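Asker: Dropping the sequence and predicted coords here.
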Amino acid sequence: KAGVTQTPRYLIKTRGQQVTLSCSPISGHRSVSWYQQTPGQGLQFLFEYFSETQRNKGNFPGRFSGRQFSNSRSEMNVSTLELGDSALYLCASSLAGVEGTQYFGPGTRLLVL
Amino acid sequence: GESVGLHLPTLSVQEGDNSIINCAYSNSASDYFIWYKQESGKGPQFIIDIRSNMDKRQGQRVTVLLNKTVKHLSLQIAATQPGDSAVYFCAEKLQGGKLIFGQGTELSVKP
C-alpha cells in the first residue's frame, strides 16, 4: 500500500505570496491532519479534516486554511506569507482521526524569503 | 525578531540498556496521549498511545506510563538498540480534539 505523499517536497516563496501544499493520504483513510514543524516552536497541530469537513483546528491565524476533497486528498493554503512561516509542513492520514495510528508523509519544506 | 531554536533535551544510553523518556503535559482535561518517534529527515512515526483512564500500556519493547496526578507521561524502551536513536515526542489530545506536542527528547544510543 502506498504511503502518504506530499507535494511539492521543497518550495521557496517570498513574503506576501501565497502557497498551496498538497497531501494524498493512504488509500481508504478519511482523516488528514496537518502540522507545522519549526526549530523554534517544535511540532504544532494546524487542523484535521475528515470526510471533507474540518473537524479540529489548532491556534493558527486565518491565513492558514485547508480543505479536503471527496477522494480524501487534502490541500492547505497559506496566504500573505511571512518569514516565520518557513517550516516543515507535515500531513498525516488515518482511518479515524488524530487518535490511533497516524501515518505521516515526508513533509514539504517551505522557505519564505 | 529572530526565533531561537529549541534546545532539545538529550538522553544518551548504551545499547542494550533500558531508556526512559519523560514528558510533562499541560492540561488536566486531556483524555488521550501519544508517543511519536522522528528520525532525521523523516516524518514522525506512531509508537504507542494511552487513554486517560489507564495508567500503563505495553507494546513491543515499549511501555507508556501515565501519572495524571502530576501530569506526567513516560516512555520506556527496553533493550535499546541503535535503530532507536531519534527524537521522541509526546502529544496530548484536548477534549476538543486539538493535539499539543511536547518539545521532544533526542535519544542517542551508543553501540
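Answerer: Received it, and whenever you're ready, just let me know what you need.
Asker: so residue 48 bridges to which residues?
Answerer: Here I'm looking at chain A. Assessed by DSSP bridges, A:E48 has beta-bridge partners A:S33, A:N56.
Asker: switch to chain B, that's the one I care about
Answerer: With DSSP bridges as the rule, B:I48 is bridged to B:W35.
Asker: Can you name the residues in contact with the helix or strand bottoming out on mean pLDDT in chain B?
Answerer: Within chain B, no helix or strand scores below strand B:99-101, which has a mean of 87 by mean pLDDT, DSSP states H and E. Residues outside strand B:99-101 that contact it (C-beta atoms under 8 Å, 6 or more residues apart in numbering or on different chains): A:33, A:42-45, A:56, A:58, A:98, B:25-27, B:30, B:34, B:89-94. Just so you know, the C-beta spots here come from the backbone N, C-alpha and C atoms, and that holds for glycine as well.
Asker: swap the cut-off to 10 Å and go again
Answerer: Here strand B:99-101 makes contact (C-beta atoms under 10 Å, 6 or more residues apart in numbering or on different chains) with A:33, A:35, A:37, A:41-46, A:48, A:56, A:58-59, A:98-99, A:102, B:23, B:25-27, B:30, B:32-34, B:36, B:44, B:89-94.
Asker: quick one: which of those sit in strands?
Answerer: When DSSP state E is applied, these are split such that A:33, A:35, A:37, A:42-46, A:48, A:56, B:23, B:32-34, B:36, B:89-93 fall in strands.
Asker: ok, B:F89 - contacts?
Answerer: A:37, A:42-43, B:8, B:21, B:23, B:34-38, B:44, B:47, B:75, B:101-105.
Asker: out of those, which are buried?
Answerer: Among the contacts of B:F89, the ones that count as buried by 16 or more other C-beta atoms under 10 Å in any protein chain shown are A:37, A:42-43, B:21, B:23, B:34-38, B:44, B:47, B:75, B:101-102, B:104-105.
Asker: separation between the most centrally placed residue in chain A and chain B?
Answerer: Nearest to the geometric centre of chain A sits A:W34, at 3.3 Å (C-alpha atoms, centre = their mean). To chain B, A:W34 is 11 Å away according to C-beta to the nearest C-beta, to the nearest Å.
Asker: thinking that residue is in contact with A:L43, fair?
Answerer: No: with contact defined as C-beta atoms under 10 Å, A:W34 does not count as touching A:L43 (11.3 Å).
Asker: which neighbours do those two share?
Answerer: The contact lists of A:W34 and A:L43 share A:L90, where a contact means C-beta under 10 Å, 6+ apart.
Asker: circling back: who touches the helix or strand following the least confident helix or strand of chain B?
Answerer: Next in sequence after strand B:99-101, counting helices and strands by DSSP states H and E, comes strand B:105-110. Applying C-beta under 10 Å, 6+ apart, the external contacts of strand B:105-110 come out as B:7-17, B:19, B:21-23, B:37-38, B:75, B:77, B:80-90.
Asker: Please identify the buried residues of strand B:105-110?
Answerer: B:T105, B:E106, B:L107, B:V109.
Asker: next one: stretch B:57-74
Answerer: Neighbour-count burial for stretch B:57-74 [16+ other C-beta under 10 Å]: B:V62, B:T63, B:V64, B:L65, B:L66, B:L73.
Asker: And the contacts of strand B:105-110, which of them are buried?
Answerer: Counted by 16+ other C-beta under 10 Å, the contacts of strand B:105-110 give B:11, B:13, B:19, B:21, B:23, B:37-38, B:75, B:77, B:80, B:84-90 as buried.
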